[in-house]
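Visitor: Below: sequence and its predicted model.
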Amino acid sequence: MRYELHAIIAGPEALGPIVEQCRHARAVLLDGADLAMVPLCEELYGSIDLAGFRVDPESGFDRLSSGVAAMITAASRHGVVVYLEADYRGDVGRQTAAVWLDCQVVYGPRLLVPTERFPDDGSSPFCEALRYLGVQAVAGADEFVMLGLGRHRSTEQWCAAGIRL
């Protein structure tokens, strides 16, 4: 089964300006925390992408253009902002994460490639990045599970579940 995600996660104070500025942005409240996600669906990506201006491909990101990075950087003036990408087919795939605060990257980009074994110790890029937002693993449920990030299997499904704030 496939799992694919391109998303921005932060508190409402950081996501609010993104949703206000971008007519295609939809917010989804996440489980167990005062956090929300703005999935980077095709329409949103197309409206903010600066064609031809990609972030270094060695970062592992495929939708983090300079336009997306500029939007995240500006939002980080209002609090921690996490950007996540994943693409898995069964147990094979990749995940990449980065964290911004005060217009600076404070974590990452961190990439887990298909040839790497998935870490059992909670040190995956997603889990480490989510800790910057204060998310904590509890009783065997990692940060990914605590936020309910498995609720949908694709960015487009997350977009369909989102609302305008």
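Guide: Perfect, thanks for sending it.

Visitor: For this protein, which element, helix or strand, carries the lowest mean pLDDT?
Guide: Comparing helices and strands within the chain by mean pLDDT, DSSP states H and E singles out helix 42-48 as the least confident, with a mean of 83.

Visitor: From the rest of the structure, what touches it?
Guide: Residues outside helix 42-48 that contact it (C-beta atoms under 8 Å, 6 or more residues apart in numbering) are 6, 22-26, 38, 63, 65, 67-68, 71, 156, 159. Every residue, glycine included, has its C-beta placed from N, CA and C.

Visitor: Lowest pLDDT pick from those residues?
Guide: Of all those, the model is least confident about Arg63, whose pLDDT is 73.

Visitor: So it sits against Tyr83, correct?
Guide: No: with the criterion set as C-beta atoms under 8 Å, Arg63 and Tyr83 do not qualify as a contacting pair; they are 9.1 Å apart.

Visitor: Look at those two and report which has more neighbours.
Guide: When Arg63 and Tyr83 are compared for neighbours, Tyr83 comes out ahead with 26 against 17, by other C-beta atoms under 10 Å.

Visitor: Extract the C-alpha trace of the strand or helix carrying the more buried one and format it as PDB.
Guide: Element membership of Tyr83, judged by DSSP states H and E, is strand 81-89. As requested, C-alpha coordinates have been extracted for strand 81-89 and formatted as PDB (Å, rounded to 0.1, in the frame of the first residue of the first chain):
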ATOM      1  CA  VAL A  81       7.100  25.300  11.100                       C
ATOM      2  CA  VAL A  82       7.800  21.700  10.000                       C
ATOM      3  CA  TYR A  83       7.800  20.600   6.400                       C
ATOM      4  CA  LEU A  84       7.500  16.900   5.700                       C
ATOM      5  CA  GLU A  85       7.600  14.700   2.500                       C
ATOM      6  CA  ALA A  86       7.200  11.000   2.300                       C
ATOM      7  CA  ASP A  87       6.700   8.500  -0.500                       C
ATOM      8  CA  TYR A  88       6.400   4.800   0.500                       C
ATOM      9  CA  ARG A  89       5.200   1.700  -1.300                       C
END
